[in-house]
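Q: Below are the sequence and a predicted model for it; my questions follow.
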Amino acid sequence: MNRQRVYKLIVFASGNGSNFEAIVRHIRDENLPLKVTYLLTDNPEAYALERAERLGIPSEILDYKSFDNRDEYNRALLKFLKSLDFDLIVLAGYMRILPPFIVREFWRKIINIHPSLLPAFPGLHAIEKAYKYGVKVTGVTVHYVDEGVDTGPIIMQECVKIEDDDTLETLEEKIHKVEHEIYIKAIKKVLLEN
């Protein structure tokens, strides 16, 4: 009897880690042939670390502040990644831009989630930008990471309507809810539907 291949994921997060936890829960609830093997963070205060401990996922802290410069940090990150066996890097609120040499080393093996319908509102504060700009529809994009900022090939998008009575807070809640559903769909599309 052939055992089904289990695809290994590394999740990068810098803060709360709600997308990280949603991914792990979907994998377990749906009994998917996927496994989050590591949480990596650049922030020793990240709440994602508590989530990882509760979920039984090993974590690694590469504290950005403990390195002399960005290049030193990125070289340590590359060394860590090369020591692991994985199929996909999943950026889930990781607040650092990966350098070109890491993107090239793991081309088409790094995906990111962004809280807008790219190419609209790339970069930081996308939900706030969409809200203040007054658009009627925004959304969530999952894309491959390339050497730009939120410019890689789009894997999947989902729209979120901005209602007249939405506040920034209610819009953020709606966006996060969609993020928690779309990210696992995109991961399945990348790894399981080819």
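A: Perfect, I can see it now. Residues are numbered from 1 along each chain as shown.
Q: Where do the helices of the protein begin and end?
A: Taking DSSP state H as the criterion, the chain contains helices spanning 18-29, 48-55, 70-82, 100-105, 126-133, 168-192.
Q: by contact count, what packs against the first one?
A: Packed against helix 18-29, as judged by 3 or more Cβ pairs under 8 Å, 6 or more residues apart in numbering; DSSP states H and E, are the following elements: strand 7-12, strand 34-41, helix 48-55, helix 168-192. Bear in mind the C-beta positions are built from the backbone N, C-alpha and C, glycine included.
Q: Out of these, which is closest to Leu91?
A: strand 7-12 (5.0 Å; Cβ to Cβ).
Q: Quick check: which ranges of the chain have low pLDDT?
A: The chain contains residues with pLDDT under 70 at 1-2, 194.
Q: Which of the helices and strands packed on helix 18-29 sits closest to Val90?
A: Using Cβ to Cβ, the nearest of the helices and strands packed on helix 18-29 to Val90 is strand 7-12, at 4.8 Å.
Q: Report the inter-axis angle for that closest one versus helix 70-82.
A: 160 degrees (axes from the mean of the first three to the mean of the last three Cα atoms, to 10 degrees).
Q: Tell me the strands beside strand 7-12, with direction?
A: strand 34-41 (parallel), strand 88-91 (parallel) (DSSP bridges).
Q: how about those in CSV, adding distance to Leu118?
A: Compiled in CSV, those are given as follows (distance: least, Cβ to Cβ, whole Å):
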stretch, distance to Leu118
strand 34-41, 24
strand 88-91, 14
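Q: can you tell which of these is closest to Lys82?
A: strand 88-91 (12.2 Å).
Q: Touching that closest one from outside, list them.
A: With contact meaning Cβ atoms under 8 Å, 6 or more residues apart in numbering, strand 88-91 is reached by 7-12, 23, 81, 98, 106, 109-113, 145, 183, 187, 190-191.
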